[in-house]
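S.K.: Have a look at this prediction, sequence included:
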Amino acid sequence: MAHLSACVSTLLVAACLFQIASISGSVGSTELRVRVCSHNKSISLKVTSTRDQSVEGALDCRCNVEPLENSLKNLAKSDYQYTPEVGLHKLHLAAANWNDARKMCMDEGGHLAIVNSVAEEMVLLEMLKSNAEGIRGGQNKEEALLGIHDLFAEGEWWTVSGEPLRATGYVNWSRSYWDGQPDNYLGNQNCGALVDVGGMDDVFCHDKFAFFCEIPVTC
Ligand SMILES: [Ca+2]
Ligand SMILES: [Ca+2]
């Protein structure tokens with residue numbers, strides 16, 4: 001069913017189609033209605049026609065997305081990884097400081113990644129470990145920034161979505177990395193990162209690291 005992704009113009013839509021098809025076995029349907037959530041808004045996707053030419057080795061579909069949000073347009077050229085029931089993620093290999101990374105994720109219609117489960121941590125860890133050699137300009141190749149910080153008050157961790165870290169369902173600071181985290185090293189580590197050994201570390205917000213973006217998707 002992976003060939004479904006070739007027939008739509010945005011990765012997010014492809015992701016939803018893929019998931020719907022997986023659930024209902026509705027590949028080949030002439031019409032699907034899919035709910036896509038982005039920035040707390042829902043849009044409706046209607047596949048106006050689907051013509052399965054798999055016999056000839058190709059699938060030709062035409063899809064109509066209404067309304068087509070600007071944030072979705074950028075996805076057509078993106079390289080986000082979709083993991084069913086986990087989400088859409090991208091590891092940026094060109095390192096940036098936390099605030100610049102935060103803005104770049106927003107420019108792509110998403111946010112710095114917020115981990116909500118061990119399953120999501122596993123996905124990100126695999127992305128980090130398998131791409132570490134490609135990281136450019138970072139403090140190291142073993143960490144990548146996440147969307148959490150304690151910039152408001154030391155030790156009070158918040159997500160970039162404005163919720164307390166404890167509300168995410170995932171609070172896993174590394175107990176082994178540099179003798180245990182978060183250590184607020186030099187009294188000034190206020191941004192969160194995922195470490196390749198598993199778990200999180202607090203890092204200097206002004207230092208550059210690879211970073212994870214995430215685009216919210218619910219089907
Ligand atoms: Ca801190
Ligand atoms: Ca630290």
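M.R.: Received the coordinates, thanks. Ligands and ions are numbered 1, 2, ... in the order given.
S.K.: check contacts around L124.
M.R.: L124 is in contact with H89, L91, A113, V115, A144, L194, F212, counting by Cβ atoms under 8 Å, 6 or more residues apart in numbering. Heads up, the C-betas are built off the backbone N, CA and C, glycines and all.
S.K.: same check, this time on L165
M.R.: Applying Cβ under 8 Å, 6+ apart to L165 gives the contacts I148, W157, W158, T159, V171.
S.K.: Can you lay out those as TSV showing secondary structure, distance to ligand 2 and neighbour count?
M.R.: Putting the contacts of L165 into TSV (DSSP: H, G, I helix; E, B strand; the rest coil; distance: Cβ to the ion, whole Å; neighbours: other Cβ atoms under 10 Å) gives the following:
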residue	secondary structure	distance to ligand 2	neighbour count
I148	strand	13	28
W157	coil	12	23
W158	strand	17	18
T159	strand	18	21
V171	coil	15	14
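S.K.: Present those as TSV; the columns should include pLDDT and distance to C205.
M.R.: Output for those, formatted as TSV (pLDDT from 0 to 100; distance: Cβ to Cβ, whole Å):
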residue	pLDDT	distance to C205
I148	98	11
W157	98	13
W158	98	13
T159	98	15
V171	97	20
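S.K.: Looking at the contacts of L124, spot the one nearest ligand 2.
M.R.: Distance to ligand 2 across the contacts of L124 (Cβ to the ion) is lowest for L194, with 12.4 Å.
S.K.: would that closest one count as being in a strand?
M.R.: Yes - with DSSP: H, G, I helix; E, B strand; the rest coil as the criterion, L194 is part of a strand.
S.K.: Let me see the domain layout of this structure.
M.R.: For the chain, automatic domain parsing gives the domain ranges 2-73, 78-215.
S.K.: can you tell me which two in the contacts of L165 are farthest apart?
M.R.: Maximum pairwise distance in those, criterion Cβ to Cβ, is 12.3 Å, between W158 and V171.
S.K.: Run through the helices of the chain in chain order.
M.R.: For the chain, the helices defined by DSSP state H occupy 11-24, 70-73, 98-107, 118-131.
S.K.: circling back: least reliable of the domains of the chain going by mean pLDDT?
M.R.: Mean pLDDT is lowest for domain 2-73 out of the domains of the chain, coming in at a mean of 39.
S.K.: Next, find the distance separating the closest residue to F152 other than its chain neighbours from Y170.
M.R.: Computed as Cβ to Cβ, 6 or more residues apart in numbering, the closest residue to F152 that is not its neighbour in sequence is W158, at 6.5 Å. Distance of W158 to Y170, computed by Cβ to Cβ, to the nearest Å: 14 Å.
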